[in-house]
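In: Quick one: sequence and predicted model below, then my questions.
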Amino acid sequence: MSQTIDSAGNVNTKVLKDMASEEKGEIARLSSFVGAIAIADLVKTTLGPKGMDKILKPNGVGPGNDHITVTNDGATILKSIYVDNPAARILIDISKTQDDEVGDGTTTVAVLAGELLREGEKLINMKIHPQHIIEGWRKAKDCARKVLNDISFDNSADDAKFREDLMNIARTTLSSKLLLIDKEHFSKLAVDAVMRLQGNNHLDYIKVMKRPGGSLKESFLSEGFIIDCKIAIGCAKRIENAKILLANTPMDADRIKIFGTRCKTESFEAVAEIEKAEKEKMKNKCDKIAAYKPNVFINRNLIYDYPEEVLTQKGIMVIEHADFDGIEKLAAATGGEILSTFDAPERSEKVLGECKLIDEIMIGEEKLLRFSGCKSGQACTIILRGASTHLLDEAERSLHDALCVLAATVKNRRVIYGGGNAEISMSIALDELAKQVKGKQALAIEGYSRALRQLPTILSDNAGYDSAELVQSLRVEIAGGNKSAGLNLYHGEVGDMKKLGVTECLRVKEQALVSASEAAEMIMRVDDIIRCAPRPRERM
């Protein structure tokens, strides 16, 4: 701790190290507001079916930095940018959490948190203490969650109606994505894939493969599991009632691998003896594998010619270089285990995976392996076709969002209307609540209501319509008792969301509401930002 004297003769005590900095009070709060609102403004133009795309380009030169990303997915945009502002980092983290939890609503949660902070900044300027604002926001959040549950509905008792709800949710999710043009086709693919899970939310059973060539309409769903691997020479190209042994073990040369070791011998006969010992050791390993009595052996690593020959002679189909992600999903689908040692053949019934048929298929100009009739009975593969890798990457992100939302809907089963219906319904309820609350908390509740109304306003602005007129018309419709009213952004009018089939998963909207509220509360509490001094570099 050191002391300095300023020009006025005051003694200033210095606590932090050199190059460390501290922002206090209003300056710290203003810095947090500015950073968080800037992140919200960055992604809000991507919101809704008429949202715009962003191009993400890495900084630098070289083969690793020449790939660009074209997307309107909030989580992809936010996790790709580097920010120095700590409040902005909080918004990026809640967007990632939203993506991990439910798969969609990543832009909504960031925009709602930004709008809450925009309203909070106005209240701070009115000299209202942050604790009063937070108390009001908590009451508003509880009321809004109750409204969401009240306006939601459940058609899971009727299979036909529930499937139609899932189709509508998939169409709504894909409406703001690249797959908008072919949303009917991809909605059916996504719903068929999720319904195969039979209520199990294990999305590992659904594999998405990208293959350049053709058009997006040529994408299809294949029952069973498909991996990009080749069958060894001399093996059968088709096997029925397969017993599969999955492994992650070295099959190139079974020797002790120590970097820099050397072996010196007196003659070529000694070298031949070493090679013979290695060969014998590999043969013993192959015999141990055969003791499990599989008819298919799949290894993640390389398999040399000799072990391949030994296993083929024993009537075992050999497949090498299965990528780790693929082999883990294959283990889940076939009910097998991935082994690295083979010393317990008595457990073969537990560790061997099963499927009814393994065969080769052609997609474009590539040969792929298909595993049909897997033990789980739920596995499937969605093959995406497209003109370019950028198109396929965005299609995969869009389909991933749809699959996650559908899985959440199958688990939660409750559905709400989209098109701004939920936000305006919550806003109207909060306006009524504000009339019953005394004190400064009522102003915070009104601010929360205005922040919710900003979401349909942004939807209208992104579509190029008069947002003030549209949102006010929607408020009048819902307040008048039309509980299924919402914004029809294709014609610029208030429409019936029930007839248009615009529905959303309750779980997605509820998670976005809770996450945005908690993030805004956390940032609102900040009154001090301390930045540590950078670590000095020392010369060696």
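Out: Great, that's in hand. Residues are numbered from 1 along each chain as shown.
In: remind me which residues of the protein are low pLDDT?
Out: For the chain, the stretches with pLDDT under 70 are 1-25, 60-65, 253-262, 324, 377, 529-540.
In: Which helix or strand contains the closest residue to Gly447 other than its chain neighbours?
Out: The shortest distance from Gly447 to any non-neighbouring residue, by C-beta to C-beta, 6 or more residues apart in numbering, is to Glu119 (3.5 Å). Bear in mind the C-beta positions are built from the backbone N, C-alpha and C, glycine included. Assigned by DSSP states H and E, Glu119 falls within helix 106-125.
In: pretty sure the residue nearest to Gly447 is touching Leu452, no?
Out: No: counting by C-beta atoms under 8 Å, Glu119 stays clear of Leu452, with 10.0 Å between them.
In: Work out the gap between the host helix or strand of Ile55 and the centre of the chain.
Out: According to DSSP H and E, Ile55 maps onto strand 54-56. Put simply, strand 54-56 sits 18 Å off its chain's centre (C-alpha atoms, centre = their mean, to the nearest Å).
In: for that strand, packing partners?
Out: Applying 3 or more C-beta pairs under 8 Å, 6 or more residues apart in numbering; DSSP states H and E, one finds that strand 54-56 contacts strand 69-71, helix 74-79.
In: Quick one, which of those gets closest to Lys217.
Out: strand 69-71 (19.8 Å; C-beta to C-beta).
In: Of all the residues in the closest one, which ones are buried?
Out: Using 16 or more other C-beta atoms under 10 Å as the test for burial, strand 69-71 gives 69, 71.
In: Which elements pack onto that strand?
Out: strand 54-56, helix 389-412.
In: Which one of Glu119 and Leu452 is surrounded by more residues?
Out: Just comparing Glu119 and Leu452: by other C-beta atoms under 10 Å the higher neighbour count belongs to Leu452, 27 against 21.
In: Check whether that one really touches Leu112, as I assumed.
Out: Yes: proximity of Leu452 to Leu112 meets the contact threshold set by C-beta under 8 Å, at 7.5 Å.
In: Is Tyr82 in a helix, a strand, or coil?
Out: Secondary structure, DSSP: H, G, I helix; E, B strand; the rest coil: Tyr82 is coil.
In: ok, how many other residues are close to it?
Out: Residues near Tyr82, counting by other C-beta under 10 Å, number 7.
In: Roughly how far does it sit from Thr107?
Out: Distance, Tyr82 to Thr107, using C-beta to C-beta, to the nearest Å: 19 Å.
In: ditto for Leu430
Out: 22 Å.
In: Please give the element, helix or strand, for Ile416.
Out: Ile416 is part of strand 415-417 when elements are defined by DSSP H and E.
In: So what touches whichever helix or strand comes after that strand?
Out: The first helix or strand that comes after strand 415-417 along the chain, using DSSP H and E, is helix 421-434. Residues from elsewhere that reach helix 421-434, judged by C-beta atoms under 8 Å, 6 or more residues apart in numbering: 139-140, 143-144, 146-148, 151, 416, 442-443, 445-446, 448-450, 452-453, 455-456, 471, 474-475, 478-479, 483-486, 497, 504, 509.
In: go again using 7 Å as the cut-off
Out: 139-140, 143-144, 147-148, 151, 416, 442, 445-446, 448-449, 452-453, 455-456, 474-475, 478-479, 485-486, 497, 509 (C-beta atoms under 7 Å, 6 or more residues apart in numbering).
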